[in-house]
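Participant: have a look at this prediction, sequence included:
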Amino acid sequence: MHHLAPRRSRLRMATAAIALAVGFTMVSAGSAFAAPAPAITITTTASAEVGQPVDVAVTVTDTTDVFSYAITLSYDPAIFAYSDNSATDGPAGGFDSVVEDEGAVTLVHSRLGTSPALAGSLPASLSFTTIGSGTGSITASVALVNSSGAASAAVPAVTSAPIVVTAVPVPVPSDTASPTASPTPSAAPSQSPSPTPTSSAAPAANAAPTGILALTGVAGGALVYVAIGSILAIALGVVVYRRRVASAR
Amino acid sequence: MTHFNQTPTTRIGAVRPPFSVRKNPVALRRTRTTAAAATGIVSMLAVSAFVGTPAVAEPINTAASTGVFLAPYYTELDLTGDEQVTSADLELLAQALGATATSPSWAAVSTADVDVDGTITLTDIATVSTRIIYDDGPFDLIEATTIDMQAAMNAGVTSSVELTQAYLDRIDAYDRVKVDPATTGRALNSIISTNSTALAAAAAADATRAAEGMTSMLLGIPLAVKDNYNTKDMPTTAGCSCWDGNQTSDDAFMVEGLRAAGSVILAKASLDEFALGFSSAFSSFQEPGASLLVASPYNTTRTAGGSSGGTGAAIAANLAGIGFGSDTGGSIRVPSSYNQLVGIRPTVGLSSRDGIVPLALTQDTGGPIARSVTDAAVALDAVVGVDPADPITAEQTGLVPDSYTEYLDPTALQGTRIGYVASMVGTNATVLRLWNEALDKLRAQGAEIVVIPSSPTLTATLDESSGSTNEFKHDLAIYTQTYLNPAVTARSIPELLASGRMVPNRSTTYTARENVTEEAYQRWAGPTGTHTAAIATGSTFVTSLLDDNNLDSIIYPSTGQYTTISTNMRLSPNTGMPSVTVPMGQSIPTDAGAVAGAGVNLEFLGRNYDEGTLIGLTYAFEQATHARTTPALYGALPTR
């Protein structure tokens, strides 16, 4: 039985390409004759300023006969805090719960009664608030129980790419005595303690208030990336530079 | 109480966007993910738009709500003390994931450490989750139990309206139609009337579920009741065309209970005219001089038995969810045995006879006929109760459990002692084979089988003749005065005979009953009557037989192959003690004298008001044997 251990930090680096792939494709292990084993994929926001949310999308792929599952996300609690009520539910008709612990949050889902088990991809998404600066990854692990009540074989845990969380830039102090003092170009956006969401600044408007997601390998995403980044270059300075680095991977 | 909304959009706990229940929700999710991969950032942000959907399950229980199905399987993992498993139990358990014996939460959740590994794991959550009556998979009406139906209705997979319509469709397609291709094949003729307000009642049950959850295991379940039970929305013919116009203004007491539990009274089932007989010959809505016979769905050249033969055939052929019959000298148990069904003949005094056309009130009792012990137990719950209109029911006070479903324990045979009298088994090869197999299975389940010697008193109890001859006229007059619709002209046996609207060739029988004087009735069934005394003696004697031999029950075959066995059917009515009959198998071609399609039941007789014990014994036997089969001629209707 792959025990859940929410009280233990699970920031170990995942193996091979799965950990850093952060994409929707998965290398299947094993021979061409065997059905692919369940695996985890995880994508996260690449970076954020403290106070900005980090979105996480986790999918357990190639599952068969799953009656109950528990996806645990573990992380550095000094940097991230789970955003209450942000986790999505499992498929309709089941039971869902979120179990929070220090440095870990577990999404529990179960079918009910004599209902059939699930199969295929099991997606979940949730958000974290960034509460401290630093670089940290989020590791996803999953426990699966089948319709006979037996725990399934352990699925390798997967760790996201490191997420860079930076402190909010300290604004240049202005002469508060003079109401007509003209702000420097770099100071103007900093009148708001936290920058406005990128979505409102980008001409290619999108509705989500969340940060830009790392979509390595998806060309279109990278282009939008760069466009947004350039618009905010003045306001965000070094952060934009770091984002460019991230998107260039 | 468990609160399961009918539509899957409002499943336990969180609010979520609507999904069609018949789409594979996993496939839908996969579609969304795939779309995100193809269009990159926009679709990922679309996924993000669902962020904010609350994921923490809200407790469904409101204060003081308790479970309505008390079988141990569904209550033993309850953590919150409401005799059921709900999302509240699951939430408690989820928050205790990883807990061990040293955790503060352990006391509250240790019951749920089902695999006893000393810690609360996902496996425990999965196990507890299975103890909810809920199933969002495909629903099959054929052989569906109340649990199957409630689970599907709780998940929104079906509804009472759908069940009701499906059964109405099956009655329409199957009942008065010769389905059997054999030239000697016959129609079932199991249903006399269907309820034109059934769909409205079903809709009301669905609305109740949407507003309050599953308030009863009978909520929304379509029932067929023998056409001697008064029903406000269908005539009560008692099987006689002379009473085609008997629309009563009241429900029988038992029917009131069934409606109060939220069931749908779907149809009136056919019977032997005035409950006289074992072959269910009836004249209802036939031309004068004409009558119909009820056929067994397993072999339509054979009778479905009687007098509750219509109920037996209808339930066996899956024309309704659960049925009700009445038993004076075997009329629940004979059709149960012929149709591979579970029948309960309750203690005389447990279920009120008020509003049931009587045959012999010293022996009459109404009870369920069902495809499973679970269904029979659920049905029995709804029809018990003290009824001032039937004074003997006062005897049940303090003796009725909260629910007979408490006794649905598959281990109930362990440590029991069950006795039988050899002379009640008979000599038929099929019966003997099935009987011996049944004894082996009982022993395998932990019962000790004890042979009881016969005795003169036991023989006299079995030999005491039926009350129907001496009591029918007297008792019918009470019903006629109290309930018979004023428009009905056949208000006495002579008027019945004069109408010519009756099963032919019964004149002699009816005349004999008409000729019983009131004095003869009193000498037989009065307070000091011989039959009254015989039943009292029988009750005392058989109870002492159980006590002296430390027995939980006495067993015997209910019937042979479409035929009765000796006086077996009289043991229960001639003592007033309850019995439950359960399938034990069917004939096979290698049985000497095998009758095709013949089923034989095993009957368990017990102490007064000990239906619970009998339900436990028969449930354990049923779960170990699963002897009932589905009639091949009456499968699923072709889908339109």
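Facilitator: Thanks, I have the structure now. Residues are numbered from 1 along each chain as shown, chains lettered A, B, ... in the order given.
Participant: where do the domain boundaries of chain A fall?
Facilitator: A:16-164, A:168-247 (automatic domain parsing).
Participant: so for the first one, mean pLDDT?
Facilitator: The predicted model gives domain A:16-164 an average pLDDT of 90.
Participant: next one: stretch B:310-317
Facilitator: Mean predicted confidence for stretch B:310-317 is 98.
Participant: so residue B:100 makes contact with residue B:118?
Facilitator: Yes: using Cβ atoms under 8 Å, residue B:100 is in contact with residue B:118, at 5.8 Å. Using the backbone N, CA and C atoms, a C-beta is placed for each residue, glycine as well.
Participant: all helices in chain A, in order from the N-terminus.
Facilitator: A:16-21, A:198-201, A:219-231, A:233-236, A:238-247 (DSSP state H).
Participant: I meant to write the stretch 301-450 of chain B there.
Facilitator: Assigned by DSSP state H, counting those that start in this stretch, the helices in the stretch 301-450 of chain B fall at B:309-316, B:333-338, B:373-381, B:429-444.
Participant: right, and these - which one's nearest residue B:412?
Facilitator: For those, the distance to residue B:412 is smallest for helix B:373-381, at 10.3 Å, taking Cβ to Cβ.
Participant: and that closest one with helix B:309-316, angle?
Facilitator: 130 degrees (axes from the mean of the first three to the mean of the last three Cα atoms, to 10 degrees).
Participant: if we can go back for a sec, same list (the helices of the stretch 301-450 of chain B) but as CSV, adding mean neighbour count.
Facilitator: Shown next, in CSV, are the helices of the stretch 301-450 of chain B (neighbours: other Cβ atoms under 10 Å in any protein chain shown):
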stretch, mean neighbour count
helix B:309-316, 36
helix B:333-338, 35
helix B:373-381, 28
helix B:429-444, 18
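Participant: mind checking those helices for the one nearest to residue A:67?
Facilitator: helix B:373-381 (23.2 Å).
Participant: and residue B:427, what does it touch?
Facilitator: By Cβ atoms under 8 Å, 6 or more residues apart in numbering or on different chains, the contact list for residue B:427 is empty.
Participant: and it, how close does it get to chain A?
Facilitator: To chain A, residue B:427 is 43 Å away according to Cβ to the nearest Cβ, to the nearest Å.
Participant: against residue B:435, how distant is that residue?
Facilitator: With the distance defined as Cβ to Cβ, to the nearest Å, residue B:427 ends up 11 Å from residue B:435.
Participant: overlap in contacts, these two.
Facilitator: By Cβ under 8 Å, 6+ apart, no residue touches both residue B:427 and residue B:435.
Participant: all strands in the stretch 401-550 of chain B, in order from the N-terminus.
Facilitator: B:417-421, B:448-452 (DSSP state E, counting those that start in this stretch).
Participant: residue B:636: which of those strands is closest?
Facilitator: strand B:417-421 (38.0 Å).
Participant: ok, and what's touching the closest one?
Facilitator: B:442, B:447-454, B:458, B:545-546, B:549-556, B:604, B:617.
Participant: try 10 Å
Facilitator: B:435, B:439, B:442-443, B:447-455, B:458-459, B:462, B:545-546, B:549-557, B:568, B:571, B:602, B:604-605, B:617, B:621 (Cβ atoms under 10 Å, 6 or more residues apart in numbering or on different chains).
Participant: now, of those, which are buried?
Facilitator: B:435, B:439, B:442, B:447, B:452, B:458, B:462, B:545-546, B:551-557, B:568, B:571, B:602, B:604-605, B:617, B:621 (16 or more other Cβ atoms under 10 Å in any protein chain shown).
Participant: contacting residues around the residue in the stretch 351-500 of chain B that chain A sits nearest to?
Facilitator: When distances are taken as Cβ to the nearest Cβ, the stretch 351-500 of chain B reaches nearest to chain A at residue B:374, 13.8 Å away. By Cβ under 10 Å, 6+ apart, the contact list for residue B:374 reads B:69, B:71, B:145-148, B:217, B:342, B:404-405, B:408, B:615, B:619, B:622-623.
Participant: list the ones among those residues that fall in helices.
Facilitator: B:146-148, B:615, B:619, B:622-623.
Participant: how close does residue B:485 sit to residue B:236?
Facilitator: Distance from residue B:485 to residue B:236, by Cβ to Cβ: 9 Å.
Participant: and these two? Which one has more around it.
Facilitator: residue B:236 (31 against 14; other Cβ atoms under 10 Å in any protein chain shown).
Participant: which ones are touching residue 79?
Facilitator: The chain I'm using is chain A. Per Cβ under 10 Å, 6+ apart, neighbours of residue A:79: A:48, A:50, A:54, A:103, A:128-138, A:163-165.
Participant: chain B is the one I meant
Facilitator: Contacts of residue B:79 (Cβ under 10 Å, 6+ apart): B:85-86, B:88-93, B:96, B:108-112, B:128.
Participant: related to what we said a few turns ago, restrict the contacts of residue B:374 to those near chain A?
Facilitator: Checking these against chain A by Cβ under 10 Å from any Cβ of the partner chain, the ones in range are B:147-148.
Participant: ok, so of the contacts of residue B:374, who is nearest residue A:65?
Facilitator: residue B:148 (21.4 Å).
Participant: can you pull the pLDDT of the closest one?
Facilitator: 98.
Participant: same question for residue A:170.
Facilitator: 82.
Participant: one more: residue B:115?
Facilitator: 89.
Participant: nearest residue to it in space, ignoring adjacent ones along the chain?
Facilitator: Closest residue to residue B:115 apart from its sequence neighbours, by Cβ to Cβ, 6 or more residues apart in numbering or on different chains: residue B:123 at 5.7 Å.
Participant: what's the burial count for that neighbour?
Facilitator: Residue B:123, neighbours per other Cβ under 10 Å, totals 23.
Participant: got the phi and psi for it?
Facilitator: Backbone torsions of residue B:123, given as degrees, to the nearest 10, read phi -60, psi -40.
Participant: how about residue B:124?
Facilitator: Per degrees, to the nearest 10, the backbone of residue B:124 is at phi -70, psi -40.
Participant: what about it, how many residues nearby?
Facilitator: 26.
Participant: report the contact partners of it.
Facilitator: Counted by Cβ under 10 Å, 6+ apart, residue B:124 has contacts A:68, A:145, A:149, B:77, B:93, B:96-97, B:99, B:109, B:111-117.
Participant: what about those, which are in strands?
Facilitator: Among these, the subset assigned to strands under DSSP state E consists of A:68, A:145.
Participant: mind listing what's buried along stretch B:67-83?
Facilitator: B:67-72, B:74-75, B:77-79, B:82-83.
Participant: quick one: end-to-end length of it, please.
Facilitator: 5 Å (Cα to Cα, to the nearest Å).
Participant: please apply the same query to stretch B:331-349.
Facilitator: 17 Å.
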